[in-house]
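Asker: build me a model from this:
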Amino acid sequence: MGRKILFAVILAYVAVFSSSCGRQAQSQGQSQVPEVSTITVATESVELVTELPGRVSAFRIAEVRPQVSGLILKRYFVEGSDVKAGQLLYQIDPAPFEAALNNAKAALGKAEAQILSIKPKVERFRELLAEKAVSQQDYDDVSAALKQAMAEVEYWKASVRSAQINLGYTRITAPISGRIGKSNVTEGAVVTAYQQMPLTTIQQLDPVYVDVTQSTTELQQLKRKIEEGRLKYGGQKNTKVKIILDDGTIYPRPGELQFRDVTVDPTTSSVTVRIIVSNPDHTLLPGMYVRAQVQEGINEHAILVPQEAVQRDRKSNPFVMVVNQEQKVEVRPVVLDRAIGDKWLVASGLSPGDRVIVEGIVKVRPGMTVKEVPLSKDKMPSSQQPSSSQSQ
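Answerer: Predicted coordinates for the structure are as follows:
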């Protein structure tokens with residue numbers, strides 16, 4: 001009897017132990033299925049931009065040079081200040097030019113006096129010629145003398161005008177409005193007409209140009225995308241350009257695309273893109289390095305995936321992990337276009353409806369069965385985030 005009781009106790013203990021081991025094995029089996037967070041690929045409309053390096057240049061530059069030779073008497077501007085068109089900058093000694101003007105005026109008066117003397121004589125000889133009182137030769141001589149005197153008058157009139165112009169050139173004025181630089185000459189310096197060295201330089205700083213360079217390869221790719229329908233031209237929006245300063249801050253006023261040059265630089269295989277930017281505060285200075293974000297167009301069927309979802313193999317080829325219909329992991333090679341914020345724009349390799357693994361990638365291998373869990377809102381694509389009305 002005692003042996004039967006002991007045997008029953010042993011059987012009960014074995015049954016309990018086996019049941020416990022079974023539940024533990026079952027629990028371990030369930031815990032071996034890794035959990036991953038995925039996003040469902042969907043297309044969305046994305047505005048594409050290209051960031052190009054460039055330099056600021058003045059809208060207009062005027063190198064001030066003398067148009068007559070002489071001695072600089074005085075400088076009338078402050079270096080580095082703003083000047084207006086027509087403002088007096090330098091005064092060249094006018095005395096020699098005033099003397100030349102007075103000499104030309106005197107010669108003109110003498111020539112005009114000769115006309116007054118010769119003209120009546122011509123009239124008298126004309127009357128005497130009709131009466132045969134003078135010869136034809138005498139009349140011709142006095143007529144020629146009158147024409148010569150009239151030519152002398154015209155010559156000295158031109159000389160007076162030339163002397164007046166040269167006298168005016170002794171006042172060197174600003175040809176344009178803008179910021180004037182340093183003066184290369186001081187009072188007492190002797191300058192020559194149209195000399196190689198400018199007296200000073202004036203630059204118009206509002207607006208300014210931003211000249212950026214773009215490779216011909218990028219231009220051809222952009223043209224091909226538009227022709228194939230992968231990009232939609234943005235119309236007038238494509239002429240607006242965002243300017244980024246060298247410290248990373250965004251310039252508050254957008255620029256406007258003027259033109260793309262038609263000549264390719266053979267050393268860099270690039271063309272110049274010129275942008276005009278309003279600059280009332282003179283924040284942008286000539287020679288400053290900036291970056292310009294030029295709008296290419298709109299991709300109405302863009303596929304974006306978080307950057308952490310993209311991995312690379314040993315040859316640096318990009319790929320993503322996707323979950324198929326059987327809840328198993330697959331490797332999907334992709335072709336990337338560019339980074340947009342914290343996401344990659346995928347050119348090919350994914351289709352709408354694909355479920356891309358974003359979190360838990362390190363725990364999975366191709367062919368493994370996985371369990372999908374919700375992804376945090378901040379990593380979800382904007383097209384998949386619930387609206388405020390749905391969240392309520």
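Asker: residue contacts, the nearest residue to residue 338 once chain neighbours are set aside?
Answerer: Distances taken as C-beta to C-beta, 6 or more residues apart in numbering put residue 345 closest to residue 338, at 5.3 Å, once the chain neighbours are dropped. Bear in mind the C-beta positions are built from the backbone N, C-alpha and C, glycine included. By C-beta atoms under 8 Å, 6 or more residues apart in numbering, the contact set of residue 345 is 46, 48, 299, 302, 303, 304, 336, 337, 338, 339.
Asker: for residue 184, same thing?
Answerer: So, once contact is read as C-beta under 8 Å, 6+ apart, residue 184 ends up touching 197, 198, 199, 200.
Asker: do a quick rundown of the helices in the stretch 201-350 of the chain.
Answerer: Using DSSP state H, counting those that start in this stretch, the helices of the stretch 201-350 of the chain run over 216-228.
Asker: verify the stated contact: residue 88 with residue 171.
Answerer: Yes. If you go by C-beta atoms under 8 Å, residue 88 and residue 171 touch, sitting 5.9 Å apart.
Asker: overlap of the contact sets of these two?
Answerer: Common neighbours of residue 88 and residue 171 (C-beta under 8 Å, 6+ apart) do not exist.
Asker: for this protein, longest strand please?
Answerer: strand 43-64 (DSSP state E).
Asker: helices and strands around it, which ones?
Answerer: Contacts defined by 3 or more C-beta pairs under 8 Å, 6 or more residues apart in numbering; DSSP states H and E place strand 43-64 against strand 178-180, strand 200-215, strand 270-277, strand 289-306, strand 335-340.
Asker: so for residue 59, which of the ones you listed sits nearest?
Answerer: strand 200-215 (4.5 Å; C-beta to C-beta).
Asker: and that closest one, what's buried?
Answerer: 200-214 (16 or more other C-beta atoms under 10 Å).
Asker: what's the answer for stretch 99-117, then?
Answerer: Result for stretch 99-117 [16+ other C-beta under 10 Å]: buried residues 100, 101, 104, 105, 107, 108, 111, 114.
Asker: contacts for it?
Answerer: By C-beta under 8 Å, 6+ apart, stretch 99-117 touches 146, 149-150, 152-153, 155-157, 159-160, 162-164, 166-167.
Asker: isn't residue 61 right next to residue 198, touching?
Answerer: No. If you go by C-beta under 8 Å, residue 61 and residue 198 don't touch, sitting 10.2 Å apart.
Asker: the two - which one has more neighbours?
Answerer: residue 198 (16 against 13; other C-beta atoms under 10 Å).
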